[in-house]
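**Student:** My questions concern the predicted model and sequence given below.
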Amino acid sequence: MNPDSSCPAACMMIDSIDEGRTSVASHEEAHDREAQALRERDLLALLLEINNLIISRRFAGELVIEISSILKRWFRHDFAGLWVLTEQNKLRCMGLDLAGVEIVIEDIPKELDTEWIGRLNMVRPHLKSLEEIKALRPEVRRLLLKAGITNELVIPLRTPHRVLGFLALGSIQEDCFREEDLPLFTQIAGQMALAVENALVFQELSNAHEKLKSEKLYLESELYAEHNFADIVGASPAFKAVLDQVAVVARSDATILLLGETGTGKELIARAIHNLSERKNRTFVRLNCAAIPSGLVESELFGHEKGAFTGALAQKIGRFELAHKGTLLLDEVGDIPLELQIKLLRTLQEKEFERLGGTRTIKVDVRLVAATNRDLSELIRSGQFREDLYYRLNVIPIRIPPLRERTEDIPLLIKHFVALYSRRMRKCIRSIPSETVARMTRMRWSGNIRELQNVIERAVILTEGETLQVMFPEPEQPVAPTPVVSTPTAITLEDVERNALLDALRRAKGRVSGTKGAAALLGLKRTTFHSKMRRLNIERSDLWEG
């Protein structure tokens with residue numbers, strides 16, 4: 001065959017092959033462009049869905065779970081967690097999606113220390129291989145390996161103002177995440193960072209609203225509360241010494257321990273300390289530890305989270321949070337349960353605590369004033385009070401004298417209470433008999449100012465006219481001489497009870513509390529024993545008389 005005659009046909013065949021190849025290439029290129037367009041459309045739909053989601057969610061915990069659910073349709077990952085940076089430079093876990101691996105949820109580190117903070121300065125998401133996971137800190141490595149995670153995607157969350165934290169996605173499949181997916185996660189990180197920042201701001205506003213609402217309820221209850229008396233009344237040297245001491249220590253933030261018998265005005269002194277301090281424009285919060293059941297003292301002091309115990313239907317803010325930047329009075333601090341004293345000690349030392357049933361550490365700035373009418377040294381010896389807590393409370397002790405040691409103030413207090421209750425009951429009492437004042441000055445007043453206040457209130461109620469008429473609890477009557485008879489002298493039930501209490505005190509060497517105390521010897525409660533001593537006017541000096 002002539003080569004020249006076959007050349008055109010060969011050229012035509014080559015041209016046909018080239019045209020076919022070009023057609024196939026064009027078709028494949030068109031197919032790739034179509035696939036790319038479809039992928040871009042799907043990615044835009046994914047970003048739009050995430051954007052619509054974050055607009056409607058206010059809590060970071062809900063946010064991470066639902067975003068993880070959306071992403072699972074694309075990447076089939078097995079783990080998602082959101083950590084945010086707190087004010088204390090800790091990374092706190094805000095939400096988890098760990099379906100099917102519930103056994104390790106309790107192993108999730110609730111907070112990570114500052115070792116992780118420097119790693120958040122990166123701008124873009126990055127992948128961690130199994131070898132890099134094995135190089136993580138032990139508690140995180142143990143968690144991921146236990147869940148079977150072989151690769152992890154860390155997505156830093158940043159705003160123009162600050163680093164917020166990071167979103168971590170993990171998978172048991174080695175090829176779950178690819179380098180070409182990182183631009184998508186960069187866009188997701190931008191959206192999610194704004195959503196997390198909004199969620200944190202909303203949470204702060206919600207917490208502030210709850211705190212203000214609790215403060216409002218507390219202050220309203222305080223507004224209508226009945227205090228011992230409205231103003232400080234007293235001019236005796238003993239009481240002036242107390243006021244001088246208060247004026248000196250009030251401007252410091254040191255813990256103060258008020259010591260004194262019941263009814264001496266410890267709460268009034270605590271309020272004076274607050275009003276003279278730099279915290280006077282903030283909240284003064286009080287809690288009578290003896291008036292709260294022992295099982296609820298922790299909740300009252302530190303608050304609780306919703307569901308912390310049966311009946312905890314909502315979150316509650318405790319007295320420490322209410323008193324933030326202000327003053328907290330713990331009255332009858334000797335009645336705090338022993339098992340709770342260690343938490344109180346830690347709070348005073350570290351100035352932080354966790355709510356009952358919660359894991360979030362709450363920082364507080366509180367000036368503490370403690371008050372008690374009990375002998376804390378005796379409680380320490382009997383094992384009812386921690387010695388380390390006593391030393392933490394006993395920074396500045398102030399003893400408030402009982403009324404019998406400041407008898408010069410009794411006439412002033414009588415006039416004060418008569419004027420107070422006369423205004424309240426719309427009566428016009430113009431005079432107080434001098435013999436009434438003299439007799440009340442001579443009385444022992446075992447209940448101190450509270451007892452005097454109650455006597456005056458009762459007198460104002462019963463008074464008809466302009467002269468105060470006092471019905472004394474034990475009217476003085478002349479006692480006729482008792483004839484001497486040969487029969488045994490009859491004794492009253494009160495004498496029997498008085499002798500029994502004195503005998504028990506002598507056998508216990510003056511001690512009332514404890515397993516070998518006088519109260520235990522008679523099978524009585526300590527408070528009942530003290531009540532009987534006050535009613536029968538038994539003093540320590542009576543023990544060895546006769």
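**Tutor:** Perfect, I can see it now. Residues are numbered from 1 along each chain as shown.
**Student:** contacts and neighbour counts: CA atoms only from here.
**Tutor:** Fine.
**Student:** Can you tell me the SS state at residue 202?
**Tutor:** Under the three-state scheme (DSSP: H, G, I helix; E, B strand; the rest coil), residue 202 adopts helix.
**Student:** Any chance you could list what contacts the helix or strand hosting residue 459?
**Tutor:** Element membership of residue 459, judged by DSSP states H and E, is helix 448-462. Contacts with helix 448-462, where a contact means C-alpha atoms under 8 Å, 6 or more residues apart in numbering, come from 228, 261-265, 402-404, 414, 417-418, 421-422, 425, 445, 468-472.
**Student:** again, but for stretch 278-291
**Tutor:** The contact list for stretch 278-291 (C-alpha under 8 Å, 6+ apart) reads 251, 271, 274, 297, 319, 322-333, 335-336.
**Student:** out of these, which are buried?
**Tutor:** 271, 274, 297, 319, 322-333, 335-336 (16 or more other C-alpha atoms under 10 Å).
**Student:** Low-confidence regions, the stretch 201-350 of the chain specifically.
**Tutor:** For the stretch 201-350 of the chain, residues meeting the criterion pLDDT under 70 lie at 213-231.
**Student:** which stretches of it form helices?
**Tutor:** In the stretch 201-350 of the chain, the segments counted as helices under DSSP state H, counting those that start in this stretch are 237-249, 266-276, 297-302, 319-322, 338-350.
**Student:** which strands and helices sit next to the second one?
**Tutor:** Going back to what we said before, that points to helix 266-276. helix 237-249, strand 327-331, strand 367-372 (3 or more C-alpha pairs under 8 Å, 6 or more residues apart in numbering; DSSP states H and E).
**Student:** Buried residues in it, which are they?
**Tutor:** Using 16+ other C-alpha under 10 Å as the test for burial, helix 266-276 gives 266, 267, 268, 269, 270, 271, 272, 273, 274, 275, 276.
**Student:** Can you add distance to residue 166 and give these back as JSON lines?
**Tutor:** Formatted as JSON lines, the buried residues of helix 266-276 follow (distance: C-alpha to C-alpha, whole Å):
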{"residue": "266", "distance to residue 166": "51"}
{"residue": "267", "distance to residue 166": "49"}
{"residue": "268", "distance to residue 166": "51"}
{"residue": "269", "distance to residue 166": "50"}
{"residue": "270", "distance to residue 166": "47"}
{"residue": "271", "distance to residue 166": "47"}
{"residue": "272", "distance to residue 166": "49"}
{"residue": "273", "distance to residue 166": "46"}
{"residue": "274", "distance to residue 166": "43"}
{"residue": "275", "distance to residue 166": "46"}
{"residue": "276", "distance to residue 166": "47"}
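**Student:** sec struct for residue 155, please.
**Tutor:** What three-state DSSP gives for residue 155 is strand.
**Student:** which residues does it contact?
**Tutor:** 124, 125, 126, 166, 167, 168, 185, 186, 189.
**Student:** wait, which of those residues is closest to residue 97?
**Tutor:** Relative to residue 97, the closest of the contacts of residue 155 is residue 168; by C-alpha to C-alpha it sits at 10.3 Å.
**Student:** Please, which helix or strand holds that closest one?
**Tutor:** Per DSSP H and E: strand 163-171 holds residue 168.
**Student:** Identify the residues contacting that strand?
**Tutor:** Applying C-alpha under 8 Å, 6+ apart, the external contacts of strand 163-171 come out as 76-85, 91, 120-121, 148-158, 193, 196-197.
**Student:** re the thing from before, residue 534: which of the helices of the stretch 201-350 of the chain is closest?
**Tutor:** Of all the helices of the stretch 201-350 of the chain, the one in closest proximity to residue 534, counting by C-alpha to C-alpha, is helix 266-276 (19.5 Å).
**Student:** got a list of what residue 404 touches?
**Tutor:** Residue 404 neighbours (C-alpha under 8 Å, 6+ apart): 443, 444, 445, 448.
**Student:** Please report the distance of the last one from residue 265.
**Tutor:** Counting by C-alpha to C-alpha, to the nearest Å, the gap between residue 448 and residue 265 amounts to 9 Å.
**Student:** Show me which of the two is the more surrounded one.
**Tutor:** Using other C-alpha atoms under 10 Å, the more surrounded residue of residue 448 and residue 265 is residue 265, with 21 against 18.
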